[in-house]
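**Q** Dropping the sequence and predicted coords here.
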Amino acid sequence: MTAAVGVLALQGDYEAHAKALQRCGAAPSEVRRVAQLEGLAGLVIPGGESTTLLNLMRDEPWFEALRGFHARGGSVFGTCAGAILVSREVRHPSQDSLGLLDAAIERNAYGRQVDSFETNLEVAGLPAPLSVAFIRAPRFVALGAGVEVMARHAEAPVLVRQGRVVAATFHPEITGADGLHAWWLGTLA
């Protein structure tokens with residue numbers, strides 16, 4: 001039986017993540033309220049626009065709830081804006097974050113929307129290259145000693161893991177390549 005997982009459905013492309021998880025055999029729930037974290041083993045925090053996401057999170061005590069979810073053993077998988085949200089420090093400009101990942105991250109480090117691109121990445125633990133999209137992507141600029149780099153692009157870390165937190169500066173959900181979602185679900189078992 002697959003562990004109970006959710007996708008934060010406040011903003012961003014949460015539907016694409018839900019479909020990727022479904023293709024991997026999960027039955028993800030869309031999480032729109034703090035109470036919906038109850039009973040989940042894992043949560044995807046999708047990409048989108050991080051400042052908009054922070055504004056939407058003001059309606060409920062999301063920071064407290066997400067930190068508590070992680071402290072109780074919940075796994076978090078953040079992509080793009082989700083990677084920004086889980087990091088310890090956000091730069092360019094500075095903004096609030098959860099601090100679940102010992103990393104500093106810079107917003108929009110790859111440029112504007114017009115600078116977006118797709119590429120294939122070799123990912124530690126995956127048998128084949130992963131097709132991903134970088135869309136106004138952030139960049140990890142500093143990693144703590146306990147952070148494992150799982151993939152790089154142009155020498156920069158783009159997929160990292162620290163314990164039960166996985167963060168990607170790219171979008172794995174929009175290219176139809178589900179290998180990373182399948183791998184993440186496997187870590188929950």
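**A** Done, it's in. What you are looking at is a predicted structure, and each value in this text was computed from that prediction instead of being measured.
**Q** Can you pull the phi/psi pair for the closest residue to residue 80 other than its chain neighbours?
**A** With sequence-adjacent residues excluded and distances taken as Cβ to Cβ, 6 or more residues apart in numbering, residue 80 is closest to residue 47, at 3.0 Å. No exception for glycine: its C-beta is placed from N, CA and C like everyone else's. Residue 47 has phi and psi values of phi -70, psi 170 when expressed as degrees, to the nearest 10.
**Q** can I assume residue 47 is in contact with residue 77?
**A** No - taking Cβ atoms under 8 Å as the definition, residue 47 is not a contact partner of residue 77, at 11.5 Å.
**Q** ok so, going back, spell out which residues sit in contact with the residue nearest to residue 80, please.
**A** Shown in contact with residue 47 (Cβ atoms under 8 Å, 6 or more residues apart in numbering): 12, 13, 79, 80, 81, 82, 135, 171.
**Q** make it 6 Å
**A** Counting by Cβ atoms under 6 Å, 6 or more residues apart in numbering, residue 47 makes contact with 12, 79, 80, 81, 171.
**Q** which ones among those residues are found in strands?
**A** Among the contacts of residue 47, the ones falling in strands (DSSP state E) are residue 79.
**Q** give the contact list for the residue positioned nearest the centre of the chain.
**A** Closest to where the C-alpha atoms of the chain average out (Cα atoms, centre = their mean) is residue 78, at 1.1 Å. Counting by Cβ under 6 Å, 6+ apart, residue 78 touches 45, 85, 86, 167.
**Q** Number of residues surrounding the first one?
**A** When you say that, I think you mean residue 45. Residues near residue 45, counting by other Cβ atoms under 10 Å, number 29.
**Q** so it makes contact with residue 82?
**A** Yes - between residue 45 and residue 82 there is a contact under Cβ atoms under 6 Å: 3.3 Å.
**Q** Let me know the distance separating the residue nearest to the centre of the chain from residue 149.
**A** 15 Å (Cβ to Cβ, to the nearest Å).
**Q** next one: residue 47
**A** Distance from residue 47 to residue 149, by Cβ to Cβ: 20 Å.
**Q** Of the contacts of residue 78, which belong to strands?
**A** Counting by DSSP E, the contacts of residue 78 place 45, 167 in strands.
**Q** just the helices in this protein please.
**A** Under the criterion DSSP state H, helices of the chain are mapped to 14-23, 50-56, 62-71, 81-86, 179-188.
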